[in-house]
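K.L.:
What would the 3D arrangement of this be:
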Amino acid sequence: QIQLRESGGGSVQAGDSLRLSCKAAGGALSAYCLGWVRQAPGKEREFVAAISWRWFGGITEYADTVKGRFTISRDDAKNMVYLEMNNLKPEDTAVYYCAANQSQWAPRRIDEYDSWGQGTQVTVSS
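P.N.:
Next up, the predicted model:
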């Protein structure tokens, strides 16, 4: 399994932007579908965004709550995946996790991701 490490979280004001990064080690990220999942205090994990393998078209999918504000992208040459977050809202406050799934394109099935990072905190104040 690959190892994932997120970075780029922080504390911002509502309306600000942040870019999360996720670096993979121990394997080629190109072999994986990738997703971002978040978990707010006291809440269940929530699907945020996902991107398929390049050969599958690099299809992207977003939760309705972030569609139009967040953009997921991947750079397989650098073994990196990104989440560009614009117009942040207080309800976006959560720990954000990078996750990978090698076997299938099932972006919203959180339990199907088999590699996870340690998470990065995003806090948005009003």
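K.L.:
Please make it C-alpha for all contacts and neighbour counts, starting now.
P.N.:
OK.
K.L.:
how close does the nearest residue to Gln3 once chain neighbours are set aside get to Met85?
P.N.:
Distance criterion C-alpha to C-alpha, 6 or more residues apart in numbering; nearest residue to Gln3, sequence neighbours excluded, is Ala25 at 5.1 Å. Distance of Ala25 to Met85, given as C-alpha to C-alpha, to the nearest Å: 24 Å.
K.L.:
The residue minimising distance to the centre of the chain sits in which helix or strand?
P.N.:
Centroid-nearest residue in the chain, with C-alpha atoms, centre = their mean: Trp36, separated by 2.1 Å. Trp36 is located in strand 33-39, with elements delineated by DSSP states H and E.
K.L.:
That strand: how far from the chain's middle?
P.N.:
Taking C-alpha atoms, centre = their mean, to the nearest Å, one finds strand 33-39 lying 4 Å from the centre of the chain it belongs to.
K.L.:
Contacts only, for Ile110.
P.N.:
Taking C-alpha atoms under 8 Å, 6 or more residues apart in numbering, we find Ile110 in contact with Val37, Arg45, Glu46, Phe47.
K.L.:
let's see it at 10 Å
P.N.:
Gly35, Trp36, Val37, Arg45, Glu46, Phe47, Ala99, Ala100, Asn101 (C-alpha atoms under 10 Å, 6 or more residues apart in numbering).
K.L.:
what's it sitting at in phi/psi?
P.N.:
Note on Ile110: backbone dihedrals following degrees, to the nearest 10 are phi -60, psi -40.
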